[in-house]
Each structure stands twice: as C-alpha cells, then as structure tokens.
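Engineer: any chance you could fold what I've pasted below:
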Amino acid sequence: MGNTFGHLFRVTTWGESHGGGVGVVIDGCPPRLALTEADIQPDLDRRRPGQSSITTPRRESDAVSILSGTFEGRTLGTPISMMVRNEDFRPEAYSEMATKFRPSHADYTYHVKYGIRAWPGGGRSSARETVGRVAAGAVARKLLKERWGVTILACVTQVQDIAAEVDPETFRAADVESNIVRCPDTEMAREMVARIEQRRTEGDSVGGIVLGVARNVPPGWGDPVFDRLDADLAKAMLSLPASKGFEIGSGFGSVLVTGLEHNDPMRNVAGRVRTTTNLSGGVQGGISNGETIYFRVAFKPVATVMHEQETVDIHLENTTVKGRGRHDPCVLPRAVPMVEAMTALTLVDHALRHEAQCRE
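Structural biologist: The predicted model follows:
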C-alpha cells in the first residue's frame with residue numbers, strides 16, 4: 001500500500017536501501033515516445049550518492065536498465081519496468097539499529113505498523129527509494145517537453161539561514177549545475193557549501209529550501225476540489241524523504257498583504273489571457289492558468305547525526321544510540337532532481353487526464 005503514484009500515468013517504486021536493487025514500474029505511458037537508458041541516466045547521475053564533498057560517500061553508479069515496455073527505442077504503451085542494482089551496500093554498518101530505534105527516523109513507526117522492518121539503511125524508508133521516482137520522472141519530463149513544450153527546473157534557494165533571491169522566471173539549468181549545492185546564485189552557493197561542510201565536520205546536519213518551477217504549462221490542467229493541481233503537487237513534494245513544508249506562489253507570505261495587493265490583474269495579450277503578476281504561482285482554483293508554476297519545498301536536517309542521543313530499543317527499554325554509516329549532511333543538492341521528478345510525474349498525469357476529459 002502507498003507505493004503507487006498517479007491516475008493515468010501511474011508509477012510504482014520498489015526496493016530497499018541495502019537490498020539487491022531498486023526500481024520502478026510505469027503504467028500508462030503513451031506509445032511511440034522515443035526512449036532509451038540515455039534519456040534517464042543524466043537525472044539519476046544528478047541524484048546518485050558520492051557525487052561531491054557535501055553528499056554521502058556511498059558509491060553507486062546507479063546505472064539504469066529498461067527491462068520492459070520499449071521496442072527499438074520507442075515506448076510500446078505497455079508497462080515500463082526499470083531497475084538500478086545496489087552495489088555499495090554495507091548492512092553491517094547498521095547492526096546496532098537492528099535493536100535500537102534512531103531518533104526522528106522511520107524505524108519505530110515502521111516497527112509498530114508492520115511488526116518487522118528492514119533495518120539496514122532504513123530499508124524502504126531510505127531516500128534510496130527515490131531512484132525509481134527520478135527514473136520515472138525522466139520519462140515524464142521527456143513526454144511533457146515533446147508533447148506540450150513544458151520544461152521543469154528546480155534549485156536550492158536556502159540552506160539554514162543562508163538564503164538566495166532566485167527569480168522563478170529566469171534562472172537556468174546551467175546556473176543550477178554550476179556548483180555542487182545547486183544554487184544558481186554562485187556567491188550564496190559558496191556560503192551554503194561552507195555551512196554544510198561545517199555541519200558535517202561537527203557531526204551534525206542542516207536543512208533548507210528547494211524552489212520548483214514548471215514553465216509553459218498550458219491553462220486548464222488540474223481538477224476542482226479534491227484533485228486540485230496545487231494539492232497534488234503538495235502531496236507529491238511532501239511524499240519525499242525529509243520534506244516538511246510546501247508553499248505555492250506567495251505561500252505563507254500572502255498573510256502579510258491585502259486582497260487588493262495580492263490579486264493578479266488579468267489582460268488579453270495577443271489573444272491569450274495573461275496576468276501582470278503571478279502571486280498565485282500559476283494555479284488558481286486548483287487549475288493551471290498558463291503562467292509559470294512555482295513553489296517551495298522545505299527539507300529538514302538529515303536525522304542521522306554523529307552524536308550520542310537518547311532512544312529506546314525494540315523491547316522499549318531506554319538506551320542511547322549514535323549515528324553510524326554514510327549519510328548526507330544535507331539532502332538539498334540531491335533533492336533538486338527529486339523535486340523535478342515529482343513535479344514531472346504530477347504534471348504529466350494531469351496533462352493526460354485533461355486530454356482524456358476535455359479533448360475537442
């Protein structure tokens with residue numbers, strides 16, 4: 001339960017952190033989309049561990065294999081299954097966690113829900129699960145770009161109290177990938193990297209904010225009431241490991257202004273309805289209005305820290321535990337492709353639903 005996302009473009013991820021591998025099954029991808037591993041690997045390379053000094057040192061090639069759903073480099077319209085094998089797994093590093101619950105992890109909650117858990121690396125609750133999401137997101141991104149001209153981008157805008165001003169309309173992928181923290185403001189990026197390295201040296205961790213953007217989304221995507229586009233984006237983002245908050249458009253800042261100040265005036269521009277401001281974040285009434293969709297996702301500090309902390313064991317006896325193993329001191333750089341993937345999966349599902357319901 002809870003392993004499948006989407007309605008018409010459905011993805012089911014599978015696998016544990018220190019098992020044989022992880023992957024995804026996509027059901028509902030339209031036929032005849034040109035697709036090979038080369039279309040998927042770049043996004044997995046941006047998500048993989050060991051890519052810089054501020055990510056976990058776990059070494060994984062994250063090489064993807066398409067097992068089904070394509071023929072001669074094109075999708076068949078049948079389920080697409082993709083797999084990435086785990087290579088650098090070390091379950092022995094987590095032996096203490098077999099009997100102790102790590103603070104602020106899913107160890108205890110998985111234990112009370114299922115009565116059993118894959119304790120090496122957190123098993124299914126590990127961010128390793130997002131390999132499948134990113135692989136599926138790459139397919140969704142390609143379909144969105146080729147069929148509707150939609151482009152998706154994300155970047156880091158804040159690490160703890162170090163914040164960069166980033167315009168959702170203008171920042172570029174090249175700016176994001178120009179540094180290891182994936183912040184398009186190079187000056188602030190240097191400060192962010194220094195803060196993350198400081199926390200790692202202290203055996204601690206730090207969180208921050210990722211900005212997600214979807215450009216050229218046509219008006220009309222999304223459904224009223226319970227399937228609002230912004231609500232589905234919120235669910236998608238809050239399903240990511242370590243995510244703790246979501247806001248779209250002006251978000252929580254909207255409480256500081258009046259209705260007159262917050263409204264987005266409308267005008268006809270060459271036969272197309274446009275707004276002169278975009279405080280709505282591209283979504284009104286749960287439906288896209290044709291403006292750029294932008295939102296922010298808050299990620300907490302990584303729960304594993306290299307300090308002794310109070311906890312309980314599987315017998316509910318008080319004890320202590322200290323973080324071990326290989327962990328990110330900050331999830332943000334690797335969260336960027338995850339946010340992009342979940343954005344693509346949400347939008348492509350709504351695009352297909354819109355076509356099915358509203359095709360002329």
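Engineer: where does pLDDT dip in this protein?
Structural biologist: Within the chain, the ranges that satisfy pLDDT under 70 run 89-93, 325-326, 359-360.
Engineer: now the helices for it?
Structural biologist: For the chain, applying DSSP state H gives helices covering 37-47, 107-114, 130-148, 173-176, 186-201, 229-238, 259-262, 332-358.
Engineer: what comes up buried for the longest one?
Structural biologist: Under the neighbour-count criterion of 16 or more other C-beta atoms under 10 Å, helix 332-358 has 332-354 buried. Quick note: C-beta positions are derived from backbone N, CA and C, even for glycine.
Engineer: and it, what does it pack onto?
Structural biologist: helix 37-47, helix 130-148, strand 151-159, strand 208-215, helix 229-238, strand 293-299 (3 or more C-beta pairs under 8 Å, 6 or more residues apart in numbering; DSSP states H and E).
Engineer: in TSV, list these along with mean neighbour count and distance to residue 63.
Structural biologist: Written out in TSV, the entries for the helices and strands packed on helix 332-358 read as follows (neighbours: other C-beta atoms under 10 Å; distance: least, C-beta to C-beta, whole Å):
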stretch	mean neighbour count	distance to residue 63
helix 37-47	18	7
helix 130-148	23	11
strand 151-159	24	23
strand 208-215	23	26
helix 229-238	21	26
strand 293-299	24	27
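Engineer: please convert these to a markdown table, extending it with distance to residue 271.
Structural biologist: Formatted as a markdown table, the entries for these read as follows, by distance: least, C-beta to C-beta, whole Å:
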| stretch | distance to residue 271 |
| --- | --- |
| helix 37-47 | 35 |
| helix 130-148 | 19 |
| strand 151-159 | 23 |
| strand 208-215 | 20 |
| helix 229-238 | 24 |
| strand 293-299 | 22 |
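Engineer: who wins for proximity to residue 251 among the ones you listed?
Structural biologist: Among the helices and strands packed on helix 332-358, the nearest to residue 251 by C-beta to C-beta is strand 293-299 (6.5 Å).
Engineer: what's near enough to touch residue 177?
Structural biologist: Applying C-beta atoms under 8 Å, 6 or more residues apart in numbering to residue 177 gives the contacts residue 46.
Engineer: using CSV, list the CA coordinates for stretch 252-262.
Structural biologist: As requested, the backbone C-alpha atoms of stretch 252-262 are provided in CSV (Å, rounded to 0.1, in the frame of the first residue of the first chain):
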residue,chain,number,x,y,z
PHE,A,252,2.8,31.9,3.7
GLY,A,253,3.9,35.4,2.7
SER,A,254,0.4,36.1,1.4
VAL,A,255,-0.8,36.7,5.0
LEU,A,256,1.2,40.0,5.1
VAL,A,257,-0.7,41.7,2.3
THR,A,258,-4.3,42.7,1.4
GLY,A,259,-6.5,41.1,-1.2
LEU,A,260,-6.1,44.1,-3.5
GLU,A,261,-2.3,43.8,-3.2
HIS,A,262,-2.4,40.0,-3.7
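Engineer: okay, buried residues for it please.
Structural biologist: Across stretch 252-262, burial judged by 16+ other C-beta under 10 Å covers residue 262.
Engineer: which residues touch it?
Structural biologist: For stretch 252-262, the surrounding residues in contact (C-beta under 8 Å, 6+ apart) are 250, 279.
Engineer: cool, and stretch 142-152?
Structural biologist: By C-beta under 8 Å, 6+ apart, stretch 142-152 touches 29-30, 33, 35, 39, 141, 212-218, 340, 343-344, 347-348, 351.
Engineer: repeat that for 6 Å
Structural biologist: By C-beta atoms under 6 Å, 6 or more residues apart in numbering, the surrounding residues in contact with stretch 142-152 are 33, 39, 141, 214, 215, 216, 217, 340, 343, 344, 347, 348.
Engineer: would you mind giving these as a markdown table with distance to residue 244 added?
Structural biologist: As requested, the contacts of stretch 142-152 are arranged in a markdown table below (distance: C-beta to C-beta, whole Å):
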| residue | distance to residue 244 |
| --- | --- |
| 33 | 35 |
| 39 | 32 |
| 141 | 25 |
| 214 | 22 |
| 215 | 26 |
| 216 | 30 |
| 217 | 26 |
| 340 | 19 |
| 343 | 18 |
| 344 | 22 |
| 347 | 23 |
| 348 | 26 |
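Engineer: nice, that's everything, thank you.
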